[in-house]
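Novice: Need coordinates for the following:
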Amino acid sequence: MTKGYLSQLLNAKIKSPSAQKLEALHRFLGLEFPRREKKVGVVFGKFYPLHTGHIYLIQRACSQVDELHIIMGYDEPRDRALFDDSAMSQQPTTGTGLRWLLQTFKYQKNIRIHSFNEEGMEPYPHGWDVWSRGIKAFMDSKGISPDRIYTSEEGDAAKFTEHLGIETVVVDPKRTFMNISGTQIRENPFRYWEYIPTEVKPFFVRTVAILGGESSGKSWMVNKLANIFNTTSAWEYGRDYVFSHLGGGRNGPAVFRLRQNCYRPRAVRRLCGEVRQ
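Specialist: Numbering: from 1, shown residues only. A predicted model of the protein is given here:
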């Protein structure tokens, strides 16, 4: 294909290019010809919370389709009940769940994230009729026409096929590759810490502050606790602040002035007889 022909084609001066020319153009651009229909997949879930089992399912699905839609279902009363029965110290909001998904898959451009309001729909296994009508309308409104549904629940596969008429692929139903569930994490997040994704872990992290006087062993204790609990630690900020902002060690000029400012009001009160020795 010559540059002249390509220029005319791009400028719409050639109205009906031949199949041979189109094939040459696709080959020149590194595109497949004839163009095949893209495969679209969908994954449904609460992701409450998102864990590595979900990620494994999504990555397996993503590798088999051209475009993957993740639809996170939420129901405020149901989610509140799940939280009340859990060992989680705070409740993940719908926005939190969406952020976990968006952050985890932010570099995979063929993944689309959606949220679907399931409030008022009877939970599984009794609400399939209402849920399927709702999810069909939702996907139609978003222009989603999936060729496949991916799930790790064998019991759901037949229901998806029955109510949605879409081929369903079951991934790791026995959890032999990734033996974890959302229920397990809700019941004991720290026991299953290794199954919590990097983007989700900060939600469960507890921050511990060690307070104490000067040279009382705070830094030593923080270091030991971080080693025991396999986590990170932050050193005492006061020492760094003195060196970076107050001119050095504890006897530096800035520290001396700081001490003067601290003790001056007390000295004035003593002179006035307000403070006894």
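
Novice: give me phi/psi at the closest residue to Tyr74 other than its chain neighbours?
Specialist: Closest residue to Tyr74 apart from its sequence neighbours, by Cβ to Cβ, 6 or more residues apart in numbering: Thr94 at 4.6 Å. Placement of C-beta: from N, CA and C, glycine included. Backbone torsions of Thr94, given as degrees, to the nearest 10, read phi -60, psi -40.

Novice: residues near Thr94, how many?
Specialist: 16 (other Cβ atoms under 10 Å).

Novice: do you know how far it is from Phe47?
Specialist: Thr94 sits at a distance of 10 Å from Phe47 (criterion: Cβ to Cβ, to the nearest Å).

Novice: Give the intersection of the neighbour lists for the two.
Specialist: Common contact partners of Thr94 and Phe47 (Cβ atoms under 8 Å, 6 or more residues apart in numbering): Met72.

Novice: what's the closest non-adjacent residue to the residue sitting nearest the centre point of the chain?
Specialist: Among the residues of the chain, Trp100 comes closest to the average C-alpha position under Cα atoms, centre = their mean, at 1.6 Å. Leaving aside its chain neighbours, Trp100 sits nearest to Leu50 (4.5 Å; criterion: Cβ to Cβ, 6+ apart).

Novice: ok, now how distant is that neighbour from Gly155?
Specialist: Taking Cβ to Cβ, one finds Leu50 at 21 Å from Gly155.

Novice: Which of those two has more residues huddled nearby?
Specialist: Shown here are Leu50 and Gly155; by other Cβ under 10 Å, Leu50 has more neighbours (27 against 11).

Novice: The more buried one against Tyr195, yeah?
Specialist: No: between Leu50 and Tyr195 there is no contact under Cβ atoms under 8 Å: 10.3 Å.

Novice: Now do the helices in the stretch 151-277 of the chain.
Specialist: Along the stretch 151-277 of the chain, counting by DSSP state H, counting those that start in this stretch, helices occupy 154-164, 182-187, 201-204, 218-228, 237-245, 253-271.

Novice: From the rest of the structure, what touches stretch 118-135?
Specialist: Here stretch 118-135 has contacts from 44, 71, 73-78, 116, 155-156, 159, 162-164, using Cβ under 8 Å, 6+ apart.

Novice: how about the CA coordinates for it, as PDB?
Specialist: The C-alpha trace of stretch 118-135 is given here as PDB (Å, rounded to 0.1, in the frame of the first residue of the first chain):
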ATOM      1  CA  GLU A 118     -29.800  -4.900  44.700                       C
ATOM      2  CA  GLU A 119     -31.800  -3.400  47.600                       C
ATOM      3  CA  GLY A 120     -35.300  -4.800  47.800                       C
ATOM      4  CA  MET A 121     -34.300  -8.000  45.900                       C
ATOM      5  CA  GLU A 122     -34.700 -11.200  47.900                       C
ATOM      6  CA  PRO A 123     -31.300 -12.800  48.500                       C
ATOM      7  CA  TYR A 124     -30.200 -16.000  46.900                       C
ATOM      8  CA  PRO A 125     -31.400 -18.600  46.300                       C
ATOM      9  CA  HIS A 126     -35.000 -17.200  46.300                       C
ATOM     10  CA  GLY A 127     -34.700 -14.000  44.400                       C
ATOM     11  CA  TRP A 128     -33.500 -15.100  41.000                       C
ATOM     12  CA  ASP A 129     -36.500 -14.000  39.000                       C
ATOM     13  CA  VAL A 130     -36.500 -10.400  40.400                       C
ATOM     14  CA  TRP A 131     -32.700 -10.200  40.300                       C
ATOM     15  CA  SER A 132     -32.400 -11.500  36.700                       C
ATOM     16  CA  ARG A 133     -34.900  -8.900  35.500                       C
ATOM     17  CA  GLY A 134     -33.100  -6.100  37.300                       C
ATOM     18  CA  ILE A 135     -29.700  -7.100  36.000                       C
END
